[in-house]
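Visitor: need the 3D shape of this:
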Amino acid sequence: MNNLNKCIVHDWFAGYGGSERVVESFTNIFPDVPIHVLFNLLTKEEQDIVGKNSEIFTSFLNNFWGVKKNHRKYLPLFPYAIEQFDLSKYDLILSSSHAVAKGVLTNSNQLHICYCHTPIRYAWDLTHQYLKEHKLDKGLFGMFAKIILHYIRIWDVSNTNRVDYFIANSNYIKNRIKKIYRRDAEVIYPPVDTNKFKCEVNKDNYYLAASRLVPYKRIDLIAKAFTQMPEKKLIILGDGPEEKKIKSFSGSNIEFVGYQETDNLAKFMQNAKAFVFAAEEDFGIIVVEAFSSGTPVIAYNNGGAKETVKNNETGILFNEQSIDSIIQAVNDFEQKENTFDSLDLAKFAKQFDRKIFEEKLNEFVTVKCEEFFNKSS
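Guide: Coordinates of the predicted model:
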């Protein structure tokens, strides 16, 4: 495999999140391999972590006005832009895709392996929520937006044959890939830097929620639930468009700390008695970071969290995204709080460590390369 000409394709670099951690591991396994993205908004520090010495190629969108403030307004151009990358000189294309990266053009002599974080959320399961959030569910602009999403769905399904093998970041996403693309996928859970979240046995008397404050994360539900439990302290980490609204109805027992870098997040996580998670996520890296900190998780029983939060073992699951369900789950947790062992939780988290991810990914890619290129020759 060392003699193969390789490249990495990622949707875009707009910050250091879960999908960028995957690209970071790609460059750990395959150093100096070029990366192709629609646009690159990373700071120099973030770029050194994710891309290291890799050359980063961007599309024409990188020079468009307003990309830094709101890149999604150029959504109609994403499929066209990703197809403009000429990757014909590469033998192996490794894509990290939550939107359009899997749609790069490839030929029959190239092996394309896609690590799929999710089929495009706002084109599929979050379409109506996306339109309402952006006030595009009515009127002329709404009709235009719906037509665009319609054609993106057609394009998204039609380009699945450009991928030879799919890897899903959870069984939840594996099932979505099967439903939407009619393709099978191998599950390799995403990398978690467990070494950055040290286990703490002695806990403070507060609950923690941490997330970008956007609607689908459902921090609003958590805040409303704890407002009805004024004797229980909740700390919320993160910022975003929902911040002002959530603060407006939150009780005095809820403290907003804002966005925190990893080191500070780890301290809050280590000292929390439990981490509360109400989103339907593809996997939920932050849930495993809580376990690594020795902190049990109270989570919505759906999405990727369903695969890591074992009810009454690593945390408490609730079945509805509702205030009453969260209140009940918190009460259930307090009855069983002493049964959760912090050291056991930290040990459980180790199976999701970045080193494990890179070993599994490297093995998968190596086997598929041997099969594909031996057959080709």
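Visitor: contacts and neighbour counts: CA atoms only from here.
Guide: Fine.
Visitor: would you list every one of the strands in the chain?
Guide: In the chain, the segments counted as strands under DSSP state E are 6-10, 35-37, 56-58, 92-97, 111-116, 165-168, 185-187, 207-210, 234-237, 254-258, 274-277, 297-300, 315-318.
Visitor: for the ones you listed, which one sits closest to residue 268?
Guide: strand 207-210 (7.5 Å; CA to CA).
Visitor: quick one: strands adjacent to the closest one?
Guide: When pairing is defined by DSSP bridges, strand 207-210 lines up against strand 234-237 (parallel), strand 274-277 (parallel).
Visitor: what about the helices in the stretch 101-250 of the chain?
Guide: In the stretch 101-250 of the chain, the helices defined using DSSP state H, counting those that start in this stretch lie at 127-133, 139-158, 171-181, 219-227, 243-249.
Visitor: what residues does the fourth one touch?
Guide: Right, helix 219-227. Helix 219-227 is contacted by residues 209, 211, 213, 232-234, 246, 249-254, 276, 278, 321-324, 326-327 when judged by CA atoms under 8 Å, 6 or more residues apart in numbering.
Visitor: on that earlier part again, columns mean neighbour count on top of the strands of the chain, output as CSV?
Guide: Formatted as CSV, the strands of the chain follow (neighbours: other CA atoms under 10 Å):
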stretch, mean neighbour count
strand 6-10, 25
strand 35-37, 22
strand 56-58, 17
strand 92-97, 24
strand 111-116, 26
strand 165-168, 22
strand 185-187, 19
strand 207-210, 23
strand 234-237, 22
strand 254-258, 16
strand 274-277, 27
strand 297-300, 28
strand 315-318, 24
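Visitor: of the ones you listed, which is nearest residue 140?
Guide: Nearest of the strands of the chain (CA to CA): strand 92-97, 30.8 Å.
Visitor: which segments of the protein make up each domain?
Guide: Per the record, the chain has its domains at 6-191+353-376, 194-351, by automatic domain parsing.
Visitor: just the buried subset of the contacts of helix 219-227, written out for ChimeraX, thanks.
Guide: Here is the ChimeraX command that selects the buried residues among the contacts of helix 219-227 (16 or more other CA atoms under 10 Å):
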select :209,211,213,233,234,246,250,251,253,254,276,278,321,322,323,326,327
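Visitor: ok so, going back, turn the helices of the stretch 101-250 of the chain into CSV, columns for mean pLDDT.
Guide: Converted to CSV, the helices of the stretch 101-250 of the chain look like this (pLDDT from 0 to 100):
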stretch, mean pLDDT
helix 127-133, 73
helix 139-158, 87
helix 171-181, 97
helix 219-227, 98
helix 243-249, 96
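Visitor: so residue 91 touches residue 4, yeah?
Guide: Yes. Judged on CA atoms under 8 Å, residue 91 makes contact with residue 4 at a distance of 5.8 Å.
Visitor: okay, the two: which has more neighbours?
Guide: residue 91 (20 against 11; other CA atoms under 10 Å).
Visitor: any chance of the backbone angles for the more buried one?
Guide: In terms of degrees, to the nearest 10, the main-chain angles of residue 91 are phi -90, psi -40.
Visitor: so what pLDDT did it get?
Guide: You'll see residue 91 listed with a pLDDT of 97.
Visitor: what's near enough to touch it?
Guide: Contacts of residue 91 by CA under 8 Å, 6+ apart are 4, 5, 6, 109, 110, 111.
Visitor: if you set the cut-off to 7 Å instead, what comes out?
Guide: Listed by CA atoms under 7 Å, 6 or more residues apart in numbering, the contact partners of residue 91 are 4, 5, 6, 110, 111.
Visitor: contact partners of stretch 183-201?
Guide: Residues from elsewhere that reach stretch 183-201 (CA under 7 Å, 6+ apart): 21-22, 166-171, 174, 177-178, 266, 270-271, 285, 289, 292-294, 342-343, 346, 350, 352-354, 357.
Visitor: residues of it that come out buried?
Guide: Neighbour-count burial for stretch 183-201, counted by 16+ other CA under 10 Å, picks out 183-185, 187-194, 197-200.
Visitor: just flag the most distant two among these.
Guide: Pairwise over the buried residues of stretch 183-201, using CA to CA, the maximum falls at 183 and 200, 41.9 Å.
Visitor: hmm, back to that, what's the most buried one of the domains of the chain?
Guide: Highest mean neighbour count among the domains of the chain (mean count of other CA atoms under 10 Å): domain 194-351, with a mean of 19.
Visitor: ends of that one, how far apart?
Guide: End-to-end distance of domain 194-351 (CA to CA, to the nearest Å): 10 Å.
Visitor: ok now it, how far from the chain's centre?
Guide: Distance of domain 194-351 from its chain centroid, counting by CA atoms, centre = their mean, to the nearest Å, is 17 Å.
Visitor: start the count at 53 instead of 1 going forward.
Guide: Okay, residue one is now 53; in that scheme the one you just asked about reads as domain 246-403.
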